Structures are given as C-alpha cells and as structure tokens.
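A.B. asks: the following comprises the amino acid sequence and a computationally predicted model.
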Amino acid sequence: MRAVLQRVKEASVTVDGKITGKIGPGLLVLLGVGKGDTEADLDFMVDKIPALRIFEDDAGKMNKSLIDTSKALLAVSQFTLYADTSRGRRPSFIDAMPPEEAKAMYSRFCERCRSIGLTVEEGVFAADMKVALINDGPVTITLDSKL
C-alpha cells in the first residue's frame, strides 16, 4: 500500500457538487492499494499513520500524533499512486489492485482507523472527486508498506 499524508488545517472531498467528507485540523490521506497487498500491508498503514508524530506540541516540535491530538483523518482512495511512468508518456496502472479488491482494503483501512478511536471522513471510491485542502506547514509525507 502507498499513502501520501498531508497535514491540513482543513480538507474536504466533493463529488457531483456534494461534500462527502470534510475535516478541520488533521490529516488528509491519499491511499493507494497495489496488486499483492495483504493484511500485513493494511496492518502497517493502520499502525503507522495514526501514530506518526507530525503534529506540533506546546514547544512547536513535531512530537504529537493523530491519536495524541484527537484530530481527524480524511481518507481518499488514490489508485494513481501506482502509476508506472517508466515508458512512454501515458502512465500504466497495471500495478494497482483491481477495483473490487482495492475498495475492500480501502474500506477496512477506514474502519480500522475508526476502531482505534479516530474520527474518519471519506471520499467516494472510484468517483471523480474534487479534493480541497489548506496545507499546514506544509507537511507532506509518503509511506509505502513494501519499503
């Protein structure tokens, strides 16, 4: 699994003119699921993302996590994180997990984050989404469960 994490002041997802997910301060997570990803990859993401110490403490140091701060998470499915641009000019997405399986993994990610007490908002899987955000920092981090 791959993720791009962006610390935000606020973020939202709109589909067909309707807001489907919106958070105040917290973390926007663009989540891609690749062929061959397993429950171990899901475990890695659910363990790592909520616990990353990327929010400031009282001294201004990045020392607090989503769990520590009670901030929210906005999860957006993002198969394009598996784009292969090594040949030609049109990306190939052959390494992305097929949609039905990827949707199940994405849904489990969201549910498992909720189960540990996080407030989780979502985009709409496979929809044409408009994502709006105000970066905080900016702080942008990439994660790959295979590295």
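C.D. replies: Looks like it arrived, so ask away.

A.B. asks: ok, residue 128 - contacts?
C.D. replies: Counting by Cβ atoms under 8 Å, 6 or more residues apart in numbering, residue 128 makes contact with residue 15. Quick note: C-beta positions are derived from backbone N, CA and C, even for glycine.

A.B. asks: pLDDT score for it?
C.D. replies: Residue 128 is assigned 96 on the pLDDT scale.

A.B. asks: who are the packing partners of the longest strand seen in the chain?
C.D. replies: For the chain, the longest strand by residue count, based on DSSP state E, is strand 129-144. Strand 129-144 makes packing contacts with strand 2-15, helix 39-51 when contacts are defined by 3 or more Cβ pairs under 8 Å, 6 or more residues apart in numbering; DSSP states H and E.

A.B. asks: so how far is it from its chain's centroid?
C.D. replies: Relative to its parent chain, strand 129-144 has a centroid offset of 9 Å by Cα atoms, centre = their mean, to the nearest Å.

A.B. asks: follow-up on the earlier one: residue 129 is nearest to which of the helices and strands packed on strand 129-144?
C.D. replies: strand 2-15 (5.1 Å; Cβ to Cβ).

A.B. asks: CA atoms of the closest one as PDB?
C.D. replies: The C-alpha coordinates for strand 2-15 follow below in PDB (Å, rounded to 0.1, in the frame of the first residue of the first chain):
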ATOM      1  CA  ARG A   2       1.100   3.500  -0.700                       C
ATOM      2  CA  ALA A   3       0.000   6.700   1.000                       C
ATOM      3  CA  VAL A   4       0.600  10.400   0.700                       C
ATOM      4  CA  LEU A   5      -0.100  12.100   4.000                       C
ATOM      5  CA  GLN A   6      -0.700  15.900   4.200                       C
ATOM      6  CA  ARG A   7      -1.100  17.700   7.500                       C
ATOM      7  CA  VAL A   8      -4.000  20.100   6.900                       C
ATOM      8  CA  LYS A   9      -5.800  23.000   8.600                       C
ATOM      9  CA  GLU A  10      -8.900  21.700   6.800                       C
ATOM     10  CA  ALA A  11      -9.800  19.400   3.900                       C
ATOM     11  CA  SER A  12     -12.800  18.300   2.000                       C
ATOM     12  CA  VAL A  13     -14.000  16.000  -0.800                       C
ATOM     13  CA  THR A  14     -16.800  16.900  -3.200                       C
ATOM     14  CA  VAL A  15     -18.500  14.500  -5.600                       C
END
